[in-house]
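A structural model of the following input is requested.
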Amino acid sequence: MYVSVLQEPRLLEHKDDRSRFQSGDTEIDDWFHRFAWQNHREGNTRVFVTRQEPETLGFYALSMGAVERSTLPDALKPGRRPDPCPILLLARLAVDRRVQGNGIGAALLKDALLRAYKLSNDVGFAALLVHCADDRAREFYPHQSSQFVPCPGADNHLMLPLRALREFIDAL
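Below you'll find the model as predicted:
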């Protein structure tokens, strides 16, 4: 698929066709096809999509959460943190396999980080927590920012401390 006119990420709408989206990860694809709208509509998460009409080329999902203080990486341990510690969760980020390798994933992550930055002015949280679906995802995030740090005891989780998030955005 040729990528020409890519829309800025926007909130998922009920009318958006999700049925043809295939990232190559069946669990992520199944969630996007079956549960993204339901979770978005109910306020459990906010799903943002980027499209080239009529196709959805990528998406990410954000929600608030909390983690036990004992599971925080060392970069977040200094200071007084509540237990549980509030976080912003980047639950899913995926790009349709037909357009992978064109920078869409990096653009979606940048958009998510910008939204997190803006949100941090109004809502308190210590870090952005990322659920990595696989090894490829675990390598993707640190490639975008070396400030992503692994979470102890959770191989599929990375955190970007709020301070590092702000530094990343300020450097843009």
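
wait, isn't residue 161 in contact with residue 145?
No. Using Cβ atoms under 8 Å as the test, residue 161 is too far from residue 145 to be in contact (10.8 Å). C-beta coordinates here come from the backbone N, C-alpha and C atoms, glycine included.

so what secondary structure elements neighbour the longest helix anywhere in the chain?
Across the chain, the longest stretch assigned as helix under DSSP state H is helix 104-119. In terms of contacts (3 or more Cβ pairs under 8 Å, 6 or more residues apart in numbering; DSSP states H and E), helix 104-119 is packed against strand 46-52, strand 55-67, strand 85-95, strand 127-131, helix 135-144, helix 162-170.

Could I get the buried residue list for the fifth one?
Of the residues in helix 135-144, those buried under the neighbour-count criterion (16 or more other Cβ atoms under 10 Å) are 137, 138, 140, 141.

Next: the shortest one.
Along strand 127-131, these residues count as buried under the neighbour rule (16+ other Cβ under 10 Å): 127, 128, 129, 130.

which one among those residues gets closest to residue 59?
Nearest to residue 59 among these, counting by Cβ to Cβ, is residue 130 at 14.6 Å.

Test my guess that that closest one contacts residue 165.
No. If you go by Cβ under 8 Å, residue 130 and residue 165 don't touch, sitting 11.5 Å apart.

Nearest spatial neighbour of the residue nearest the centre of the chain, chain-adjacent residues omitted?
Nearest to the mean C-alpha position of the chain, by Cα atoms, centre = their mean, lies residue 90 at 3.3 Å. Excluding the flanking residues, the one nearest residue 90 by Cβ to Cβ, 6 or more residues apart in numbering is residue 130, at 4.7 Å.

Over to stretch 13-25 now: how far is its first residue from its last?
22 Å (Cα to Cα, to the nearest Å).

which other residues reach that stretch?
The contact list for stretch 13-25, computed with Cβ atoms under 8 Å, 6 or more residues apart in numbering, reads 29, 32-33, 36-37, 41, 49, 51, 54-56, 59, 94-98, 100, 133-134.

Now list the buried members of those.
Neighbour counting with 16+ other Cβ under 10 Å marks 29, 32, 36-37, 49, 51, 55-56, 59, 94-96, 100, 133 as buried within the contacts of stretch 13-25.

Closest one to residue 106 out of those residues, please.
Of all the buried ones among the contacts of stretch 13-25, residue 106 sits closest to residue 95, with 9.6 Å by Cβ to Cβ.

And for the nearest residue to that closest one once chain neighbours are set aside, the neighbour number?
Leaving aside its sequence neighbours, residue 95 sits nearest to residue 58 (Cβ to Cβ, 6+ apart; 4.2 Å). Close neighbours of residue 58, defined as other Cβ atoms under 10 Å, add up to 25.
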